[in-house]
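> Sequence first, then the predicted structure:
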Amino acid sequence: MLVKKLYGSSMKKVLKQAKSELGEDVVILSQKTLPEGEIELTVAVEPPRGSRSRDTNGLEEEIGEIKQILLSLVEEQEVLRLGKAALFLYQELKQKGLSKKIAYQVVQELSQGIEPDELMKKEVMEKELRRFFCSRIATTEPLAEEKLCIGLLGRTGVGKTTTLAKLASIERFQRKRRVGLISLDGEKVGSTEELQRIGKILDVPVAVAYERKELSKVFELGDRVDTLLVDTPGKRLGEKGLREKLFDMMTLCPHAQFHLLLSPHYRKDVLLEDLETYDRLSLKSVILAKMDETRQVGSLMDAMLSHPVPLSWMTTGQNILRDILPVNRGMLLDMMMEA
């Protein structure tokens with residue numbers, strides 16, 4: 001059975017299109033009027049015998065598609081019970097990149113205690129959305145006055161070394177603290193040279209651990225500085241001894257804190273995998289990296305709502321002295337809704 005959704009300005013036009021594309025034998029599974037007045041028609045037709053292979057895999061795929069459509073219909077009917085305004089907002093949030101689950105949670109909470117007609121007003125919707133995101137997404141200030149040992153975690157290419165340089169510049173020039181840089185990524189070609197170059201520019205000491213047995217000596221640098229910033233390899237937590245190095249770091253720096261870098265370029269499943277994996281280290285915060293490169297932040301917002309960890313900084317370019325700022329939740333919401 002072939003199932004398809006069609007849209008049009010009137011039932012007559014949509015049904016005519018369905019018969020034109022699928023034949024006179026189409027069966028109407030459902031019909032509804034969307035908030036903007038458009039007609040949505042879900043139809044099905046049995047393909048002619050012999051038109052395609054009916055092997056088991058193909059049949060299972062068709063059944064899966066039908067189930068998804070039926071689940072979607074049930075889901076949207078559930079949202080519609082909250083009012084047309086809720087359904088309109090629900091569909092918009094999904095278009096912006098939020099999952100069905102999170103989008104439903106948003107409209108369900110926003111619909112409580114608000115008249116349906118009020119939620120249709122743009123200024124009311126914007127106000128309530130901001131209230132929701134600010135109540136669900138926490139922020140934190142990671143740069144305290146006491147002695148600091150900060151480890152940056154994340155995948156290769158997410159911008160750990162550049163972000164480390166930006167935090168070092170804040171500590172060195174704005175907060176007037178003694179800063180030291182450590183790299184645990186001696187295996188990566190060019191990483192050591194880049195960190196040495198940053199150290200020279202900022203006039204701060206740099207130490208590199210090429211092997212695990214060197215960690216004890218390298219972390220002696222922490223005795224001579226106020227803030228120790230640690231660059232880590234872009235590996236999975238259980239890959240090639242990274243977990244052991246990080247646990248050694250916590251032993252050598254009992255006050256160590258870890259911050260995970262995430263980018264809106266990542267798929268949601270990657271974002272969630274990193275959050276779930278690295279949160280075993282009791283993450284202090286998430287740093288949002290490369291936020292200047294895209295406004296498609298829906299999946300990122302969805303991941304943070306699904307697996308809440310406080311946000312701290314966001315980076316917006318390559319300039320070490322300028323392109324980093326504390327996370328602004330209102331700005332993130334604007335980016336998502338304007339995308």
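Sure thing, it's come through.
> need the strands for the stretch 151-300 of the chain, in chain order.
179-183, 206-208, 227-231, 256-262, 285-288 (DSSP state E, counting those that start in this stretch).
> roughly how far is the third one from the heart of the chain?
Same thing as strand 227-231. 25 Å (Cα atoms, centre = their mean, to the nearest Å).
> go on, the shortest one?
Computed by Cα atoms, centre = their mean, the chain-centroid distance of strand 206-208 equals 32 Å.
> Which other helices and strands does it contact?
Applying 3 or more Cβ pairs under 8 Å, 6 or more residues apart in numbering; DSSP states H and E, one finds that strand 206-208 contacts strand 179-183, helix 191-202. Bear in mind the C-beta positions are built from the backbone N, C-alpha and C, glycine included.
> So for Gly199, which of the strands of the stretch 151-300 of the chain sits nearest?
When the strands of the stretch 151-300 of the chain are compared by Cβ to Cβ, strand 206-208 sits nearest Gly199, at 3.7 Å.
> Pull up the pairing partners for that closest one, direction included.
When sheet partners are counted by DSSP bridges, strand 206-208 sits next to strand 179-183 (parallel).
> hmm, who's touching the strand it pairs with?
164, 168, 171-172, 191-192, 195, 198-199, 202, 204-209, 218-219, 221-222, 224-231 (Cβ atoms under 8 Å, 6 or more residues apart in numbering).
> got the angle between that strand and helix 191-202?
Put simply, strand 179-183 runs at 170 degrees to helix 191-202, going by axes from the mean of the first three to the mean of the last three Cα atoms, to 10 degrees.
> In PDB, please show the C-alpha coordinates belonging to strand 179-183.
In PDB, the C-alpha atoms belonging to strand 179-183 read as follows (Å, rounded to 0.1, in the frame of the first residue of the first chain):
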ATOM      1  CA  VAL A 179      47.600  31.500  33.300                       C
ATOM      2  CA  GLY A 180      49.100  28.200  32.200                       C
ATOM      3  CA  LEU A 181      48.200  26.000  29.200                       C
ATOM      4  CA  ILE A 182      48.500  22.200  29.000                       C
ATOM      5  CA  SER A 183      47.900  19.900  26.100                       C
END
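> May I see the strands of the stretch 151-300 of the chain organised as CSV, with mean pLDDT, mean neighbour count and distance to Gly241 added?
Below are these laid out as CSV (pLDDT from 0 to 100; neighbours: other Cβ atoms under 10 Å; distance: least, Cβ to Cβ, whole Å):
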stretch, mean pLDDT, mean neighbour count, distance to Gly241
strand 179-183, 95, 25, 15
strand 206-208, 93, 19, 16
strand 227-231, 96, 26, 15
strand 256-262, 96, 22, 17
strand 285-288, 96, 25, 24
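> Just put those strands in a markdown table and tack on distance to Ala86.
Formatted as a markdown table, the strands of the stretch 151-300 of the chain follow (distance: least, Cβ to Cβ, whole Å):
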| stretch | distance to Ala86 |
| --- | --- |
| strand 179-183 | 50 |
| strand 206-208 | 54 |
| strand 227-231 | 46 |
| strand 256-262 | 30 |
| strand 285-288 | 29 |
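> Compare the ones you listed and report which one is nearest to Leu237.
strand 256-262 (10.6 Å).
> Next one: the most centrally placed residue in the chain from Val230, what distance?
With distances taken as Cα atoms, centre = their mean, Leu300 lies nearest the centre of the chain, 1.8 Å away. Relative to Val230, Leu300 is positioned 24 Å away (Cβ to Cβ, to the nearest Å).
> What of Gln112?
45 Å.
> So among the contacts of strand 179-183, which ones count as buried?
Neighbour-count burial (16 or more other Cβ atoms under 10 Å) applied to these gives 164, 168, 171-172, 191-192, 195, 198-199, 202, 204, 206-209, 218-219, 221-222, 225-231.
> hmm, back to that, wait, which of the strands of the stretch 151-300 of the chain is closest to Lys84?
Going by Cβ to Cβ, the one of these nearest Lys84 is strand 285-288, 34.0 Å.
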